[in-house]
Structure formats: structure tokens, C-alpha cells
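A.B. asks: just coords:
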């Protein structure tokens, strides 16, 4: 296999100029987050070198898509809500960098079909099953649409967790230009294992693994920062912890 063929495996079937543009921005974004937020990535050995993979992650801020993208040398495609495409310039930019529009106001069969086409073309697609950013740092329940996509796509799933991004840019506030951000990939979950768990079971399985990684990263940040980050709060609890249910405020998006 030639070097060019190996390079094209980062995003098979995508026009070469777009692959090159993605990589050019990849280095700039990684440098930005490393210098400002001490970004660290672990678990890269779990990323399959080729083939369609659905990446499932938690969602903390608007930083997440570029942050998670620089965690992998394989290129990500993203499922993004339709309002982000309203501005023609911004819409063109995010389409160029592999965003797939989804209408969250209704069942969007077109988006699911497009996502499956990307997966069957051997690409990696990132989704956020919570549906929107956390409003307090803790994870939200996963929406059923993610299970529908997994069952139709029949591809392996790569769990991915991010922590520290919420504290760097809390929802409804301005970004803080300092902090500690960590990203972790977990072992791939084969489709057969997810299918055996059923629709609700597969979401519970993925949610628990991602939340466990997120809490590990939260502990690591606290150790590395000698307790300065992250601030104590709802993010210290697992999504299904009864204590979280008692202390968290109603989700405005629920």
C-alpha cells in the first residue's frame, strides 16, 4: 500500500483537498487546546485502524467536536443539529469539516440514512446520545434515537469520554481561557454484544462505560491540578447516582 493510500484511509472516499484541509486545522486546534487547557488524550490504542465505527461520547460544550476530533488521527464525521447550518458561511464550514445535519424536532430518517452511508463507506461518525450539552457537568440520560441508529448500522461502537470542558466553558457563560481537559477512548464494543443487550440495555451499557471514564478523568484532573479543577458539583456524580437526582436542577432542555 502506497503512502497516499494509507493517508486516504484516514477518511476513505472523501475528496483529497478536504482531507488535507482537515489535517491542516487538526494541528492548529490540537496546539490551541494543548497550550490553553493542557489537553491530554488516552486510549488511542482502542481506535480501530480502518472500517466503519460509530463513536459515542458525552457532550459538555461547543468545544467538544473539534476537541474530540484532535484525539484521533482518523477523521471524524459529526452529527450536528440543523440550526447550526442556518448561517450559510458557518454551515459551509462545518459541512466541509464533515458535519451531518440532523433535525432533532422529529424522527429524522434522512439523517440516519446518511450516517449509515458514511459508516458503510468505512468512516468514523461521532454522535452525542444525550442530545444536547450538559447544563451542570453531569451526564444526561441517552435518547432512544442512538439505539435506533446502532441497530440499523450494525457496526462496532467506540465509547469516548471528555471531562474538564464544561468547567472551561460552562453552559450559558463565557469561555474561561484556562483549565484542564482530558479525553479518553474505551475498548470497542462489538455490535453483537450491544444487540444482545436490547435497545434500552445497549444505551445503559454505553452510558455506564462513558460515565465511568469521565469520572476517572475528573479524578485525574483533580490530582494533576492539586484540587483546583474541576470545582465540586453535580459533575462529581454518575448519571444514575441517587444523590445527583436530589441535587441537580431541572434540565431546561428536558
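C.D. replies: Nice, thanks for sending it over. Since the structure is predicted, the reported quantities are computational estimates derived from the model, not experimental observations.

A.B. asks: what about the biggest helix by length in the chain, average pLDDT?
C.D. replies: Criterion DSSP state H: the longest helix present in the chain is helix 191-224. Computed over helix 191-224, the mean pLDDT rounds to 97.

A.B. asks: what helices or strands is that helix leaning on?
C.D. replies: strand 53-57, helix 145-153, strand 157-163, strand 182-185 (3 or more CB pairs under 8 Å, 6 or more residues apart in numbering; DSSP states H and E). Yep, even glycine has a C-beta here, placed from its N, CA and C like the rest.

A.B. asks: which one of the ones you listed lies closest to residue 204?
C.D. replies: helix 145-153 (10.1 Å; CB to CB).

A.B. asks: partner strands of the helix or strand residue 79 falls within and their direction?
C.D. replies: Using DSSP states H and E, residue 79 sits in strand 76-81. The pairing partners recorded for strand 76-81 under DSSP bridges are strand 99-102 (parallel), strand 124-127 (parallel).

A.B. asks: pick the most buried one from those.
C.D. replies: strand 124-127 (a mean of 24; mean count of other CB atoms under 10 Å).

A.B. asks: neighbours around residue 190, how many?
C.D. replies: Neighbour count for residue 190, taken as other CB atoms under 10 Å: 12.

A.B. asks: from what I can see it touches residue 158, true?
C.D. replies: No: between residue 190 and residue 158 there is no contact under CB atoms under 8 Å: 11.0 Å.

A.B. asks: give me the beta-bridge partners of residue 42?
C.D. replies: Counting by DSSP bridges, residue 42 forms beta bridges with residue 184.

A.B. asks: next, find the distance separating it from residue 163.
C.D. replies: Using CB to CB, to the nearest Å, residue 42 is found at 11 Å from residue 163.

A.B. asks: out of the two, which sits in the busier spot?
C.D. replies: Neighbours were counted for residue 42 and for residue 163 using other CB under 10 Å; residue 163 has more, 26 against 17.

A.B. asks: could you find the closest non-adjacent residue to the more buried one?
C.D. replies: If the residues on either side of it in the chain are set aside, residue 163 comes closest to residue 217, at 3.8 Å by CB to CB, 6 or more residues apart in numbering.

A.B. asks: what about the protein, any weak spots by pLDDT?
C.D. replies: Applying pLDDT under 70 to the chain flags residues 252-254.

A.B. asks: go ahead and confirm the residue nearest to residue 163 touches residue 185.
C.D. replies: No: using CB under 8 Å, residue 217 makes no contact with residue 185, being 11.5 Å away.
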